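[1] just need the structure, nothing else, for what follows:
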Amino acid sequence: MESKHKISCSLPKLAVAVGVPLCLTTAMIFLFGSSHNKYRDTAKPFWFPPTWVMHVGSLACSALMGVSAWSVWSDGGFRAESEALPLYVAHVSLGMAWEPLVMVMGAVWTGLGFCVVHFGTLVACYSAFRNVNPAVGELVKPCLAWVALLTFLTFKLIYLY
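    Numbers count the residues shown, from 1 in each chain. This next block holds a predicted model:
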């Protein structure tokens, strides 16, 4: 009986933890991702991913980090690990800032700085989440790879814009 109560209490947390970042990322894509896109309009080497891949990667990272945050939240980690919640909020904020900076405005130097800070934030998030639950820390690794790719692509865009 107690496990049913725990599950029913954690489902609203799951909806918030995954839904909010997904909605914010989707809003950023619709607001900044389709028209007047400097990234799309710039001639790039064949190995640069198309815009839709960038959007899917951002959505996947948001969902994965949302599940990670939910697990940490459900395990009481946002209370026990005092830096976990601010790091997660920083990750969401930095992830939302990259698209308008780089893909729309073409501010690649600023975008590169954001990417480096975002990667460092994710490393700290990985450490904080892993302290709560080692399996949850593993869920952050694909997002680390994604932000590393964004950092590399942003660096390469400096020479294309």
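
[2] would you mark the buried spots in stretch 138-145?
    139, 140, 143, 144 (16 or more other C-beta atoms under 10 Å). From N, CA and C alone the C-beta is placed, and that goes for glycine too.

[3] and stretch 110-129, by the same measure?
    111-112, 114-115, 118-119, 121-122, 124-126, 128-129.

[4] which other residues reach it?
    With C-beta atoms under 8 Å, 6 or more residues apart in numbering as the contact definition, stretch 110-129 has outside contacts at 65, 68-69, 71-72, 77, 81, 83-84, 87-88, 90-91, 94-95, 97-98, 101-102, 136-137, 139-141, 143-144, 147-148, 150-151, 154-155, 157-158.

[5] that older thread, quick check, nearest of the buried residues of stretch 138-145 to residue 32?
    Set against residue 32, the nearest of the buried residues of stretch 138-145 by C-beta to C-beta is residue 143 (20.3 Å).

[6] now that closest one: closest residue in space, sequence neighbours ignored.
    Excluding the flanking residues, the one nearest residue 143 by C-beta to C-beta, 6 or more residues apart in numbering is residue 61, at 4.6 Å.
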